[in-house]
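Peer 1: Build me a model from this:
(chains A and B)
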Amino acid sequence: MLRVEDICVKLGDFRLDRISLHVEHGKYLVLLGPTGNGKTVLLETIAGLNPPASGRILINGKDVTHLEPERRHLGVVYQDYALFPHLSVFDNIGFGLHLKGATKQQIRKDVEEMAGFLEIAHLLKRRPNRLSGGERQRVALARALVLKPYVLLLDEPLSALDRSSRDRVQEELKRIHAELSLTIVHITHNLKEAFSLADRLAVMKDGRLLQDGPPETLFTTPRDRNVAELMGIENLIAATASESTLVTALGKIAMEPLEYGTQPSGRVLLSVPSWCVELFPKGPAPDYLWQGRMKITVSRRLGGVVALTLEHDNGQCLKTSLSLREAETAGAPLDTGTLVPVGIRVQGVNWVPDQEPG
Amino acid sequence: MKNFKIIISCLGGILLLAIMIPLVKMIISADPAVLRSTLADQEIRTSILLSLRCALWATAGCLLLGIPLAYALARWNFPAKSIVQGIIDLPVMIPHTAAGIALLMVYGRVFFLGRLFDKLGISFMGTEAGISLAMAFVSLPFLINAARDGFAAVNPRLERVARTLGASPWQAFFKISLPLAWRSILSGAIMMWARGIAEFGAVIILAYHPMTAPVLIWERFENYGLKYASPVAVLLILICLVIFTTLRWLAAKNREL
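Peer 2: This is a model prediction of the structure:
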């Protein structure tokens, strides 16, 4: 469906460096990365709005690298929606149909059908400045979808919405994707949004694609420190691989339980999601990579969760969190300065090379 | 805070009064009977209409050529952009009589461009074309700068989205950018027209005759004194006030829609 091959783009001092991606028909790809790292540039390059310095873009097997944006048949929805302020909602949605030479009757029929699908039929006569954020989002989606694009490109579509609207539009995107069997490329810096929507996840930083694949794969087996950090893995423990053990600040950890492709060598990082760090471990010993005692240095209640930072005698810190109920039944008060038994569960822990990717 | 507001208001008020007092004094000093007879004077009516008409041609011509330049300045980055911007502002800075002499040297019969236009049947010496040219030269920065600011205020993403919805660059310009920048362009055009009507220095070098209203005011002042010049000046001010207030009101009304 959409294939990006070795695309390089240079815009002033910024450059996209040899990006390759493939999205199959009907799949939902989320491009995840920090703001200002080239995601929008890539999206606009796919849409034909930035000329690539090299590489190819193929849609349905056809090379569109040098095709004008108006002939690519792609839909774009920007973070700020970019609704035409001088046109009514009806005329915004019908803009593309009008350009394609559709009759007035056809435009009316298609616009009303799409407005009904997105539940905005009552807004058709309004101007964009009289719409809420969520309504603008739907109008922008309707304007792109009414043209039945091959691929829908979404640039941070939820970031300008408040939390309740964001959840609602997120569900709406899932519905649209499922009901229309649409191919979607969605860029975001929000990890939860990415995990909630993606069939496939691609992680970008500094104009480079670091890793792509199913979200679970990126989370459980990040390729390097950058991906691990972008996947929101809270604890990265520096280690040196020595024969069958990993030497860390917490002591020696057996390598055997870690099942991750090749054997680690040299300097590595153990990626330990917070849910792998367990207080008062009760399971059988083989379930844990490491057990010991750590001091609570930070204990913070965040709504229904207690976030803890733990510190070992050797200076190694770990972060974890418990629900309020778990904290209440922990068996000891979780106050700052308290020494507590801690276990790192095997399941969920992996190692990644401790170096910047070349 | 209160003192701050009072001082700011007083300083602004002094400037407003400095503008208003001479104009109001001139208008209230005018004898209505003299004004009526001035209005009946064919020469005066002709000169006022000539000023309005030539300023309109100048504005229309600059709209055609100035809008693309304003768009380019707002949207594109190119080498020497600041120099281009400086060139556009130049007519405001140089003495207008000097501008008139410069125009005379290029569009008069001593330079090839003037001779070329002459062969095409267009002469700028003592003609409406010359008056319009002089008005355009000195007042075009008002239009181009306002239009450039208008285009710059249009979110470039609107054009980008339009392109992905099937619009060619021309369609994106005419259906999105131009309608959204139109208020600023209209405002700039009104300013340019007003400045054109008032132009004296450049016009008198290229075309003493036919006489525009400012040239006629000067001519009457020189030959007959203040008593004969002031009714023409009052009439021109009143006509301009009515026209520009109406145009500004229409532009503001359009903004509310």
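Peer 1: Tell me the residues of the stretch 1-150 of chain A that contact chain B?
Peer 2: A:44, A:47-49, A:68-70, A:72, A:74-76, A:78, A:80, A:82, A:84-86, A:95-96, A:99-100, A:143-144, A:147 (CB under 8 Å from any CB of the partner chain). In short, each C-beta sits where N, CA and C put it, glycine included.
Peer 1: Of the residues you listed, just the buried ones, PyMOL syntax please.
Peer 2: With 16 or more other CB atoms under 10 Å in any protein chain shown as the criterion, this PyMOL line picks the buried residues out of the residues of the stretch 1-150 of chain A next to chain B:
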select buried, chain A and resi 44+47+48+49+69+70+72+74+75+76+78+82+84+86+95+96+99+143+144+147
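Peer 1: Low-confidence regions, the stretch 151-300 of chain A specifically.
Peer 2: A:256-262 (pLDDT under 70).
Peer 1: Let me know the secondary structure of whichever residue of it sits closest to chain B.
Peer 2: Going by CB to the nearest CB, chain B is nearest to A:Leu153 of the stretch 151-300 of chain A, at 8.1 Å. Following DSSP: H, G, I helix; E, B strand; the rest coil, we place A:Leu153 in the strand state.
Peer 1: so what's B:His209 closest to, chain neighbours aside?
Peer 2: Closest residue to B:His209 apart from its sequence neighbours, by CB to CB, 6 or more residues apart in numbering or on different chains: B:Gly126 at 5.5 Å.
Peer 1: Correct me if wrong, but A:Val185 is in a strand.
Peer 2: Yes: residue state for A:Val185 (three-state DSSP) corresponds to a strand.
Peer 1: Cross-check the contact I'm expecting between it and A:Leu152.
Peer 2: Yes: the criterion here is CB atoms under 8 Å, and A:Val185 meets it with A:Leu152 at 7.4 Å.
Peer 1: Tell me which stretches of the chain form helices.
Peer 2: Defaulting to chain A. Per DSSP state H, chain A carries helices over the ranges A:39-47, A:89-99, A:104-117, A:133-145, A:163-180, A:191-197, A:215-220, A:225-230, A:324-328.
Peer 1: ah, no, chain B please
Peer 2: Using DSSP H, helices in chain B cover B:2-29, B:32-40, B:42-75, B:81-93, B:96-107, B:112-119, B:128-152, B:156-164, B:169-172, B:178-198, B:201-206, B:213-224, B:226-256.
Peer 1: what about those, which gets the closest to A:Thr245?
Peer 2: Closest to A:Thr245 of those is helix B:156-164 (CB to CB; 54.6 Å).
Peer 1: Please determine whether the closest one lies in contact with chain A.
Peer 2: Yes: contact of helix B:156-164 with chain A (CB under 8 Å from any CB) involves B:157-158, B:160-164.
Peer 1: Show me which pair in those is furthest apart.
Peer 2: B:Leu158 and B:Thr164, at 11.2 Å, using CB to CB across the residues of helix B:156-164 next to chain A.
Peer 1: A:Lys282 versus whichever residue of the stretch 1-150 of chain A sits closest to chain B, what's the distance?
Peer 2: Chain B sits closest to A:Gly96 of the stretch 1-150 of chain A, with a gap of 3.6 Å, by CB to the nearest CB. Using CB to CB, to the nearest Å, A:Gly96 is found at 60 Å from A:Lys282.
Peer 1: Who are the contact partners of the closest residue to the residue of the stretch 1-150 of chain A closest to chain B other than its chain neighbours?
Peer 2: Spatial nearest neighbour of A:Gly96, chain neighbours left out: B:Leu165 (3.6 Å); criterion: CB to CB, 6+ apart. By CB atoms under 8 Å, 6 or more residues apart in numbering or on different chains, the contact list for B:Leu165 reads A:70, A:95-96, A:99, A:143-144, A:147.
Peer 1: Let me know the closest of these to A:Leu29.
Peer 2: A:Ala144 (16.3 Å).
Peer 1: Who does the closest residue to that closest one other than its chain neighbours form a beta bridge with?
Peer 2: In space, and not counting its chain neighbours, A:Ala144 is closest to A:Gly75: 3.0 Å by CB to CB, 6+ apart. Beta-bridge partners recorded for A:Gly75 (DSSP bridges): A:Leu152.
Peer 1: check contacts around A:Gly75.
Peer 2: Here A:Gly75 is in contact with A:144-145, A:147, A:149, A:151-153, B:164 (CB under 8 Å, 6+ apart).
Peer 1: From A:Ile93, how far out is it?
Peer 2: A:Gly75 is 12 Å from A:Ile93, by CB to CB.
Peer 1: Can you name the residue of chain B nearest chain A?
Peer 2: B:Leu165 (3.6 Å).
Peer 1: and that residue, how far is that from A:Pro69?
Peer 2: Taking CB to CB, one finds B:Leu165 at 9 Å from A:Pro69.
Peer 1: Between A:Val185 and A:Leu152, which has more neighbouring residues?
Peer 2: A:Val185 (27 against 23; other CB atoms under 10 Å in any protein chain shown).
Peer 1: Close to chain A: what parts of the stretch 51-200 of chain B are there?
Peer 2: B:155, B:157-158, B:160-168, B:171, B:175-176, B:179-180.
Peer 1: Now for the residue lying closest to B:Ala70 once chain neighbours are set aside: which residues touch it?
Peer 2: Ranked by CB to CB, 6+ apart and with sequence neighbours excluded, the top spatial neighbour of B:Ala70 is B:Ala147, at 3.5 Å. B:Ala147 makes contact with B:66-67, B:70-71, B:181, B:184-185, B:188 under the criterion CB under 8 Å, 6+ apart.
Peer 1: In contact with the closest residue to B:Trp57 other than its chain neighbours, which residues?
Peer 2: Closest residue in space to B:Trp57, ignoring its immediate chain neighbours: B:Ser132 at 4.2 Å, by CB to CB, 6+ apart. Counting by CB under 8 Å, 6+ apart, B:Ser132 makes contact with B:54-55, B:57-58, B:61.
Peer 1: what separates B:Ser29 from A:Asp155, distance-wise?
Peer 2: Counting by CB to CB - B:Ser29 and A:Asp155 are separated by 64 Å.
Peer 1: Those two: who's more crowded?
Peer 2: A:Asp155 (22 against 9).
Peer 1: quick one, phi/psi of the closest residue to the more buried one other than its chain neighbours?
Peer 2: Sequence neighbours aside, A:Tyr78 is the residue nearest to A:Asp155 in space, at 4.9 Å (criterion: CB to CB, 6+ apart). Dihedral angles phi and psi of A:Tyr78 (degrees, to the nearest 10) take the values phi -90, psi 160.
Peer 1: pretty sure A:Tyr78 is touching B:Pro156, no?
Peer 2: No: the pair A:Tyr78 / B:Pro156 is not scored as a contact, 10.7 Å apart, by CB under 8 Å.
Peer 1: Of the contacts of B:Ala147, keep whichever come out buried.
Peer 2: Using 16+ other CB under 10 Å as the threshold, B:66-67, B:70-71, B:181, B:184-185, B:188 are the buried ones among those.
Peer 1: Report pLDDT for residue 105.
Peer 2: All of this refers to chain A. On the pLDDT scale, A:Gln105 is placed at 96.
Peer 1: nope, chain B please
Peer 2: For B:Met105, pLDDT reads 94.
Peer 1: Excluding covalently adjacent residues, which one is nearest to it?
Peer 2: Nearest non-adjacent residue to B:Met105, counting by CB to CB, 6+ apart: B:Phe111, 6.2 Å away.
Peer 1: pLDDT weak spots in chain B?
Peer 2: B:254-257.
Peer 1: for the spatially most central residue of it, what are its contacts?
Peer 2: Computing the C-alpha centroid of chain B and ranking residues by CA atoms, centre = their mean puts B:Met192 first, at 2.0 Å. For B:Met192, the contacting residues are B:55, B:58-59, B:62, B:139-140, B:142-143, by CB under 8 Å, 6+ apart.
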